[in-house]
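Student: My questions concern the predicted model and sequence given below.
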Amino acid sequence: MFRKAIRTLSVASILATAGGLASPASATLTVTSQGAALGFSLTTFVSGFPFSGLGPIGLAVETNGNVLVNSVADSSNYVFANTDNQVFADHIGAGVGGISCCGAYATSNGYTWGSQGGVLVRFNADGSIGATFNNISTSNGLWTNSVNGHLLGDNPGIIDIDVSDPNAPVATFVPGAVGGDGITVSPDGKTVYNTGITGYDIATGTIVYGPHFVSGADGMGIISSSNALNGNIVVNTNFGQLILLDPTGANPDIVIADSGSRGDYTTPDPNGTLLITQSDSIMRLSCGRDCGIGTSPPPTGAPEPITLSLFGAGLAGVGAMRRRRKIA
């Protein structure tokens with residue numbers, strides 16, 4: 001919480017002085033041509049959140065299918081139906097106040113979890129706090145390991161929280177792992193990533209990827225797919241971009257969406273999409289047929305993205321055409 005607040009002030013100062021993404025109303029996260037070629041698409045989940053430097057932060061799809069969202073501007077949790085093209089006024093119920101900034105939320109074992117005052121809490125379906133666990137310190141990032149249902153959270157190290165007994169969760173440290181504002185877990189449940197961006201073996205703490213620098217990196221999600229996108233990491237940044245990383249190192253970073261406002265946490269929807277926060281809205285990122293983000297196994301549905309190798313060949317072809325036209 002403290003680290004996020006400090007960083008937020010720094011970003012706000014940069015935007016105010018550099019003419020960057022100062023007004024959320026003037027910035028809409030948009031898929032780039034590269035992102036579209038890979039099969040990514042964006043829709044608006046909810047727009048019009050109150051904004052006072054930060055808008056929506058923590059969010060998670062509840063077991064009942066609704067989406068719980070923390071609004072920082074009025075320190076409240078709101079519940080929304082899981083359907084696109086809503087506005088803030090469409091929230092279900094009046095909202096639950098007194099929820100402090102800025103923990104991530106995650107759902108496991110029938111409940112949505114987060115942090116309040118730097119400790120783990122379990123939410124009721126309406127967003128009120130159902131239980132507080134003062135023995136487990138966690139502040140920023142939180143993600144559900146889809147393989148065993150454990151939560152991986154920021155401590156500021158990384159802790160593995162077994163919530164199989166929702167009334168008595170048990171936390172153990174991932175050895176030597178450094179915490180992060182955003183956290184995500186690989187589809188096989190073996191690797192946890194922080195916003196470093198560094199991947200740690202959950203069992204041993206061994207670094208298996210990175211560190212890899214992405215400016216303003218925050219919330220993340222890992223792709224589970226039957227094609228070349230499998231295992232790639234989507235990073236939501238504070239500077240209005242979504243960046244695609246290939247942890248094998250075989251491909252360069254790709255900007256798959258830009259022109260957005262301040263991005264923060266993300267959360268996976270069981271339908272295979274990734275909900276992404278912006279300054280005053282939440283967007284939904286899809287990656288195509290047989291492709292899910294933060295889910296395992298991937299769902300089936302929309303047209304399959306092209307492979308990264310074909311995408312690279314396509315870029316090369318475009319470059320060659322431009323060179324020929326210039327010579328002509």
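Tutor: Happy to help now that I have it.

Student: okay, the closest residue to Tyr111 other than its chain neighbours: pLDDT?
Tutor: Of all residues not flanking Tyr111 in the chain, Arg122 sits nearest, at 5.1 Å (C-beta to C-beta, 6 or more residues apart in numbering). In short, each C-beta sits where N, CA and C put it, glycine included. Confidence at Arg122, expressed as pLDDT, is 98.

Student: now Arg122: how far from Ser164?
Tutor: According to C-beta to C-beta, to the nearest Å, Arg122 and Ser164 sit 13 Å apart.

Student: More neighbours: the two, which one.
Tutor: Arg122 (20 against 12; other C-beta atoms under 10 Å).

Student: in its sheet, what does the strand or helix carrying the more buried one sit against?
Tutor: Counting by DSSP states H and E, the element that carries Arg122 is strand 119-123. Sheet pairing for strand 119-123, assigned by DSSP bridges, gives strand 111-116 (antiparallel), strand 129-137 (antiparallel).

Student: any chance of these in a markdown table, with mean pLDDT, distance to Pro169 and mean neighbour count too?
Tutor: Below are the strands paired with strand 119-123 laid out as a markdown table (pLDDT from 0 to 100; distance: least, C-beta to C-beta, whole Å; neighbours: other C-beta atoms under 10 Å):
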| stretch | mean pLDDT | distance to Pro169 | mean neighbour count |
| --- | --- | --- | --- |
| strand 111-116 | 96 | 8 | 24 |
| strand 129-137 | 97 | 6 | 15 |
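
Student: Can you name the residues that contact the residue nearest to Tyr111?
Tutor: By C-beta atoms under 8 Å, 6 or more residues apart in numbering, Arg122 lies in contact with Tyr111, Thr112, Trp113, Ile129, Gly130, Ala131, Thr132, Phe133, Pro166.

Student: same deal with Ser215?
Tutor: Thr237, Phe239.

Student: same check, this time on the one 4 residues further on
Tutor: Taking C-beta under 8 Å, 6+ apart as the contact definition, Gly219 lies against Ala104, Asp181, Gly182, Val235, Asn236, Gly263, Asp264, Tyr265, Thr266, Thr267, Ile276, Thr277.

Student: make it 6 Å
Tutor: Shown in contact with Gly219 (C-beta atoms under 6 Å, 6 or more residues apart in numbering): Gly182, Asn236, Asp264, Tyr265, Thr266.
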